[in-house]
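any chance you can model this:
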Amino acid sequence: MKYLASMIVALFIAVSVSAGIIRVGSKHTHKTVRAGINAAAAGDTVSVDQGHYRERNLVINKRITLKGNNQPILDGESKYEIISVFTSGVTIEGFKLIHSGVSSLEDLSGIKVSNSSNVTIRNNILEDTFFGIYIQNGSNSRIINNQLRGTSLEEQRSGNGIHCWKSENMHIARNSISGHRDGIYFEFVKNSVILKNTAANNLRYGLHFMFSNDDSYLDNVFRNNGSGVSVMYSKRIKMLSNHFEENWGDAAYGILLKEISDGTMEGNYFTKNTSAIYMEGANRISMKQNTFKDNGWALKIQANCMDVVLERNNFIGNTFDVGTNGSLVLNTFRNNYWDKYEGYDLNKDKIGDIPFRPVSMYSVIVEKFPVAMILFRTFITTLLDKTEKILPSLTPENLKDNEPLMHRAF
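Below you'll find the predicted structure:
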């Protein structure tokens, strides 16, 4: 046992000694980042001094740590992809990457990682890059605490901030993304976590993912993006404690859920969106303890949605609480708080004694004839809604909360 322990210690010392530091800067032997990378061996750290480096495309094909001191600048001169990674176990941290090339044929990026695992990208600033951080066919990698700021005003000339394709076990946390086409984009990505990011003022979606299963989105902020957030063709998605704020426009939503199943939405806040949630072809979705406040529409749920359960949510100050496009209702509303509820609670159990119908007659009319919004807050619309509550005719008979809460759910 003593011999074995001695061998392990010796091996550890040998590995520690073999991992060297290659210094780059005007005061060192290696004046360029490229020279430092070329001189490094697997396991080394390339430590780059503060400065402005124009190095075209830097290719990393060995397991190294590329570390910037005091945010050295890597400049793509509006022509090149700045860093391309083709091997696993690479770490990139502490740089400011600016001015990547723009191309309609290639997804030029600030940092692109191809066919690699266990890559860490952290504490970087990326400005004016076409795509920011691009991962293709990656796994077990971390994108942590980066700032990504795009500058394009047109979707055609802008890529995504953080783009992941055909990847798994990704951890994306505490990043700030603005000015890109989509803030975060997932396609064919599974078993991954998006945590505590802020995606604001992006041209299209703050978060856009398709064909991606078993992912979790936790405690993120999606604010003032062109069309909000889009979740499409995915299964077993968890969206917990996120904020969807101020996504305004004719086709803007806090979140669009299209053809998804077996998902959980809990503890989210939807504030000041044109439509907080638009659901189409969504099945077996549990929606609990969410807050819908000051939206145009809190929830638009199409008739092809099934087994959606809305329970203990707060609906406060929305112009319209619920809208739908048909009379078929295969979903459950129970124990939600509706600020428009005018019922009573005679037995004092904090649950209303009569059902609440969240689809108003006026909302049905507006859904079919948008110009009817000109009558908003007029006496005639109030009269229509009061009449509909007494003698339902246009609104779906089964879309109701039989046990509405008298006070906020939480």
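
where are the low-confidence patches of this protein?
1-18, 361-396 (pLDDT under 70).

so where do the helices sit in it?
Listed from the start of the chain, the chain has helices (DSSP state H) covering 2-18, 33-39, 361-368, 379-390.

packing partners for the second one?
In terms of contact count using 3 or more CB pairs under 8 Å, 6 or more residues apart in numbering; DSSP states H and E, helix 33-39 is assigned the packing partners strand 21-24, strand 45-48, strand 58-60. Backbone N, C-alpha and C define where each C-beta goes, glycine included.

give the pairing partners of the shortest one; include direction for each.
What that stands for is strand 58-60. Using DSSP bridges, the neighbouring strands of strand 58-60 in the sheet come out as strand 83-85 (parallel).

so what touches the strand it pairs with?
Under the criterion CB atoms under 8 Å, 6 or more residues apart in numbering, residues 57-60, 66, 74, 92, 97, 110-114, 116, 119 lie in contact with strand 83-85.

quick one: which of those is nearest Ile260?
Nearest to Ile260 among the contacts of strand 83-85 is Val113, at 27.4 Å by CB to CB.

what's around that closest one, how many residues?
Val113 sits with 28 neighbouring residues when counted by other CB atoms under 10 Å.

could you do Ser234 as well?
Based on other CB under 10 Å, the number of other residues close to Ser234 is 23.

hang on, isn't it packed against Leu207?
No. Because the distance of 11.8 Å does not satisfy CB atoms under 8 Å, Ser234 is recorded as not touching Leu207.

endpoints of stretch 324-335, how far apart?
20 Å (CA to CA, to the nearest Å).

buried set for it?
Judged by neighbour count (16 or more other CB atoms under 10 Å), stretch 324-335 contains these buried residues: Thr324, Val329, Asn331, Phe333, Asn335.

distance to Gly132 for those residues - can I get that in JSON lines?
Written out in JSON lines, the entries for these read as follows (distance: CB to CB, whole Å):
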{"residue": "Thr324", "distance to Gly132": "38"}
{"residue": "Val329", "distance to Gly132": "43"}
{"residue": "Asn331", "distance to Gly132": "38"}
{"residue": "Phe333", "distance to Gly132": "40"}
{"residue": "Asn335", "distance to Gly132": "42"}
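
ok, of these, which one's closest to Gly20?
Nearest to Gly20, judged by CB to CB, of the buried residues of stretch 324-335 is Asn331 at 61.7 Å.

quick one: contacts for that closest one?
Shown in contact with Asn331 (CB under 8 Å, 6+ apart): Ile301, Cys305, Met306, Asp307, Val308, Val309, Leu310, Leu399.

give me the number of residues near the first one?
Other residues lying near Ile301 total 24 when counted by other CB under 10 Å.

and the residue lying closest to it once chain neighbours are set aside, what does it touch?
Setting aside the residues directly before and after it, Ile301 is nearest to Met279 in space (CB to CB, 6 or more residues apart in numbering), at 4.7 Å. Residues in contact with Met279 (CB under 8 Å, 6+ apart) are Leu257, Lys258, Ile285, Leu299, Lys300, Ile301, Gln302, Cys305, Val308.

adding distance to Val48, write the residues you listed out as a markdown table.
Written out in a markdown table, the entries for the contacts of Met279 read as follows (distance: CB to CB, whole Å):
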| residue | distance to Val48 |
| --- | --- |
| Leu257 | 44 |
| Lys258 | 44 |
| Ile285 | 48 |
| Leu299 | 51 |
| Lys300 | 51 |
| Ile301 | 53 |
| Gln302 | 53 |
| Cys305 | 52 |
| Val308 | 52 |
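
tally of neighbours for the nearest residue to Arg122 once chain neighbours are set aside?
With CB to CB, 6+ apart as the measure, Ile144 is the residue that lies nearest to Arg122, at 4.0 Å, once sequence neighbours are left out. Applying other CB under 10 Å, we find 17 residues neighbouring Ile144.
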